[in-house]
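Trainee: next come a sequence and a model predicted from it.
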Amino acid sequence: MIRELGALTHRELLRLARNPQAIATSLLLPILYLILFGQAFDLGAALNQQQLLFVTRGAPTYFSYFAAGMVGFVAVTATLFIGANVIFDRLFGILKRTAASPATASSIFGSRLLAGMIQPVGLAFLVLGLAVLLGHLGLSGLQATAGLSVVGAAEIVLAILILSAMFASLFLAVGFSIEQPQSYFAVVNAINLPVLLTSAALFPWGLMPAWFQTVASYNPITIAVNVIRENLFASATAYYPYNAGEYLLGLLAWAIAMFVVATLLARRALAPQK
Amino acid sequence: MSDPVVAENLVKVYGGKVRAVDGVSFSVREGELFGFLGPNGAGKTTTVQMLTGNLRLTSGRALVAGLDVSVDPLTVKERIGLVFQESTADPDLTGRENLQLAAALFRVPLGSTKTTVNSLLERMQIGDAADRLVKTYSGGMRRRLELAVGIIHSPRALFLDEPTLGLDPQGRAGFWRYVQELRKDHGMTVFVTTHYLDEADTMCDRIAIIDHGKIVATGSPSELKDRLGGDIVTVRPTGATVPEGERLLGNLPNVVSVSSMDGSYRVKSPRGEELIPVLVEACTKAGIGLAGVSLKRPSLDEVFLEFTGREYREDEGLTATDRAVRIGQVQQAFGRARR
């Protein structure tokens, strides 16, 4: 089981590494958001420091707040291809070959999930690095005002891993249930945009109406970026009702729920046909 | 030891309506190359999918490598190899990486994986391309890689589902050469589905012919051809066939049987060549005008016609000459490959 899981995960990562277009596409949207959307709002010009910290929940600038949100969003765009690969593997007969081997459905599903979790971590740190770099290019850049501890860094990585696991499970569930690529991308787009727009990744928390804050507070992207923001910004903890560990537990609950659904769908798809 | 492949009254009904396989029974002996023949849609692939644990049986029982497929499909998959009709290798991995992955999935011992992979790459003559992505491989190379994946764990029985579909005669002959080598070296039992009758005639120890989900004949190619009673002389009269014509032809020496089919008399005789002049003379004397007379040696095409009552569908539109050329090409290429 461990050996086949390792071999299948290795295969997934090899394919991702050999597909730079997929990596570029995963990064494109967050980067465009960082360069275009993130630079457009200078809330500091309209608000005093106290108001700004309230609106951004402790982030020194809107861009810093926004950049942390994009780190969460990259987990969504990067895991999208994991589900798409299921569709293409089915079309090219690769899934049939794997299902015809003694490999268990758990290994086949698990390997894709693992690959879906590993890739976004690297991409998230690329986005973070780019957000910092923009500050050195005369644009708004990410200002991490908290001294990042090892525990804090681990919490950020965990948040990205769990969020990626949740979205990888979601997209795998869609991939194992749908046969046509066009239908897959239609469904995925119908999920992505509402999930992004109802999260606190883009919009300043303090400017949201109360009902929107309630909706956003349950959004897994919001929960993950809360962990990141609490660890990156010194005065953030005063603005969050829960600590990073508690948010991680909430995120884990989301991931487990999605994992259970996806596992059931994958098992059904990989079982001998009726 | 029980036969490695035993099918007992297999039935597969899709959606409660389409009876794709309808009570199929046969067994494949140890070390045998067993051909499962039939036109497209006859039920060949459905049968293979059931025997290899990839499709649930509606009813019946399949015992493969000593195990009931419905009870323990994962262990059955460990003990058998399966080569699909289409390429299933990952095009974004190299040939070597595909084999390494297969070795892990089929639980080849870690210590021997490298040796096994290298030896298969060499044996299948893809050693030089081992580290190239499979998407750059030719059709023949892909087929050989598929075969290597299918046998990487030295299975007790190897299932080949239309393995030479789309290959040119040379590629087909090459593929069969590897299969024959495997049988010779490992005594592997091979179950192959094909709609190339000439291929089955040359390669298989025994065959079963399936049509509309039912097995219509089983035996060795020579046994089945012997059942035809010899050559087939087809006599096409200028007018319609009549019972008197059948009687006339039936009374000629060395005629085993006569039947009318598609406006012609179909005459079976152990010595067709000698019968033709006698037959032409008898028809002329009886005033039966002849539009044509042709002779066919016993072949699996004729066996199919005999047991199903119609021409083999894949050969529709293919003339006897085309068929002869095709058979000749395969035999010639196979002979070359063997040399």
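Mentor: In hand now; what should we look at?

Trainee: now do the residue most central in space within chain B against B:P39, distance only.
Mentor: For chain B, the residue nearest the mean C-alpha position is B:T194 (3.4 Å; Cα atoms, centre = their mean). As judged by Cβ to Cβ, to the nearest Å, B:T194 and B:P39 stand 11 Å apart. Just so you know, the C-beta spots here come from the backbone N, C-alpha and C atoms, and that holds for glycine as well.

Trainee: so the residue nearest to the centre of chain B sits against B:F34, correct?
Mentor: No - in this structure B:T194 lies outside contact range of B:F34 using Cβ atoms under 8 Å: 11.2 Å.

Trainee: show me the contacts for the spatially most central residue of chain A.
Mentor: Nearest residue to the geometric centre of chain A (Cα atoms, centre = their mean): A:A75, 2.0 Å. Each residue near A:A75 by Cβ atoms under 8 Å, 6 or more residues apart in numbering or on different chains is listed here: A:P120, A:A124, A:I160, A:L163, A:S164, A:F167, A:I221, A:A224.

Trainee: what about 6 Å?
Mentor: Residues near A:A75 by Cβ atoms under 6 Å, 6 or more residues apart in numbering or on different chains: A:P120, A:I160, A:L163, A:S164, A:F167.

Trainee: buried residues in the helix or strand hosting the last one?
Mentor: Following DSSP states H and E, one finds A:F167 within helix A:150-177. Across helix A:150-177, burial judged by 16 or more other Cβ atoms under 10 Å in any protein chain shown covers A:152, A:155-156, A:158-177.

Trainee: counting by contacts, list what that helix packs against.
Mentor: Using 3 or more Cβ pairs under 6 Å, 6 or more residues apart in numbering or on different chains; DSSP states H and E, the elements in contact with helix A:150-177 are helix A:62-91, helix A:105-135, helix A:220-232, helix A:244-270.

Trainee: rerun at 8 Å
Mentor: Using 3 or more Cβ pairs under 8 Å, 6 or more residues apart in numbering or on different chains; DSSP states H and E, the elements in contact with helix A:150-177 are helix A:62-91, helix A:105-135, helix A:181-197, helix A:220-232, helix A:244-270.

Trainee: export the ones you listed to a markdown table and tack on distance to B:Y265 and mean pLDDT?
Mentor: Shown next, in a markdown table, are the helices and strands packed on helix A:150-177 (distance: least, Cβ to Cβ, whole Å; pLDDT from 0 to 100):
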| stretch | distance to B:Y265 | mean pLDDT |
| --- | --- | --- |
| helix A:62-91 | 51 | 89 |
| helix A:105-135 | 59 | 90 |
| helix A:181-197 | 57 | 91 |
| helix A:220-232 | 79 | 94 |
| helix A:244-270 | 56 | 93 |
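
Trainee: quickly compare the ones you listed and say which is most buried.
Mentor: Comparing these on average neighbours per residue, with mean count of other Cβ atoms under 10 Å in any protein chain shown, the densest one is helix A:220-232 at a mean of 27.

Trainee: how about the helices of chain B, start to end?
Mentor: Per DSSP state H, chain B carries helices over the ranges B:44-51, B:73-79, B:95-105, B:110-123, B:139-151, B:169-186, B:197-203, B:221-226, B:243-250, B:272-286, B:300-308, B:320-338.

Trainee: chain A is nearest to which of these?
Mentor: helix B:95-105 (3.4 Å; Cβ to the nearest Cβ).

Trainee: the inter-axis angle of that closest one versus helix A:105-135?
Mentor: For helix B:95-105 against helix A:105-135, the angle by axes from the mean of the first three to the mean of the last three Cα atoms, to 10 degrees is 130 degrees.

Trainee: next, the angle from helix B:95-105 to helix B:110-123.
Mentor: Using the same axes, to 10 degrees: helix B:95-105 against helix B:110-123 is 140 degrees.

Trainee: run a quick neighbour tally on the closest residue to chain A within the stretch 151-300 of chain B.
Mentor: As assessed by Cβ to the nearest Cβ, chain A sits closest to B:H153 within the stretch 151-300 of chain B, at 9.0 Å. With neighbours defined by other Cβ atoms under 10 Å in any protein chain shown, the count for B:H153 comes to 22.

Trainee: isn't it right up against B:P109?
Mentor: No - the criterion here is Cβ under 8 Å, and B:H153 misses it with B:P109 at 9.7 Å.

Trainee: what does the stretch 1-150 of chain A put close to chain B?
Mentor: A:3-4, A:6-8, A:10-11, A:14-15, A:18-19, A:92-94, A:96-104 (Cβ under 8 Å from any Cβ of the partner chain).

Trainee: change it to 6 Å
Mentor: Counting by Cβ under 6 Å from any Cβ of the partner chain, the stretch 1-150 of chain A comes close to chain B at A:3-4, A:7, A:11, A:15, A:18, A:93-94, A:97, A:100-103.

Trainee: ok, now which ones touch residue 89?
Mentor: In the absence of a named chain, this looks at chain A. A:D89 touches A:L95, counting by Cβ under 6 Å, 6+ apart.

Trainee: was after chain B, sorry
Mentor: Applying Cβ under 6 Å, 6+ apart to B:A89 gives the contacts B:N98, B:V134, B:L145.

Trainee: so how far is B:M141 from the first one?
Mentor: Yep, that's B:N98 we're talking about. From B:N98 to B:M141 the distance is 12 Å (Cβ to Cβ).

Trainee: the two - which one has more neighbours?
Mentor: Taking neighbours as other Cβ under 10 Å, B:N98 and B:M141 compare with B:N98 leading, 27 against 19.

Trainee: interface residues of the stretch 151-274 of chain A facing chain B?
Mentor: So the stretch 151-274 of chain A meets chain B at A:P272, A:Q273, A:K274 (Cβ under 6 Å from any Cβ).

Trainee: tell me the one of these nearest B:L252?
Mentor: Checking those against B:L252 with Cβ to Cβ, the nearest one is A:Q273 at 54.7 Å.

Trainee: look up how far B:G53 lies from that closest one.
Mentor: Look at A:Q273 and B:G53: by Cβ to Cβ, they are 11 Å apart.

Trainee: more neighbours: which of the two?
Mentor: Each of A:Q273 and B:G53 has its neighbours counted (other Cβ under 10 Å); B:G53 has more, 24 against 12.

Trainee: just the pLDDT at the closest residue to that one other than its chain neighbours, thanks.
Mentor: Using Cβ to Cβ, 6 or more residues apart in numbering or on different chains and skipping residues adjacent in sequence, the residue nearest B:G53 is B:P73, 3.2 Å away. Here the pLDDT value assigned to B:P73 is 89.

Trainee: please apply the same query to A:L202.
Mentor: 87.

Trainee: go on, B:M188?
Mentor: 89.

Trainee: which ones are touching it?
Mentor: B:L158, B:L182.

Trainee: picking up where we left off before, so which of the residues of the stretch 1-150 of chain A next to chain B are in helices?
Mentor: Of the positions in the residues of the stretch 1-150 of chain A next to chain B, A:R3, A:E4, A:A7, A:R11, A:R15, A:I94, A:R97 sit in helices, assigned by DSSP H.

Trainee: number of residues surrounding the last one?
Mentor: A:R97 is flanked by 26 other residues according to other Cβ under 10 Å.

Trainee: wait, it sits on B:E86?
Mentor: No - between A:R97 and B:E86 there is no contact under Cβ atoms under 6 Å: 9.7 Å.

Trainee: list the contacts of A:L252.
Mentor: Counting by Cβ under 6 Å, 6+ apart, A:L252 has contacts A:I162.

Trainee: do you know how far it is from chain B?
Mentor: Using Cβ to the nearest Cβ, to the nearest Å, A:L252 is found at 30 Å from chain B.

Trainee: buried residues in stretch B:153-160?
Mentor: Neighbour counts over stretch B:153-160 (16+ other Cβ under 10 Å) mark B:H153, B:P155, B:R156, B:A157, B:L158, B:F159, B:L160 as buried.

Trainee: equivalent analysis for stretch B:223-232, please.
Mentor: Those would be B:L224, B:K225, B:L228, B:G230, B:D231, B:I232, for stretch B:223-232 by 16+ other Cβ under 10 Å.
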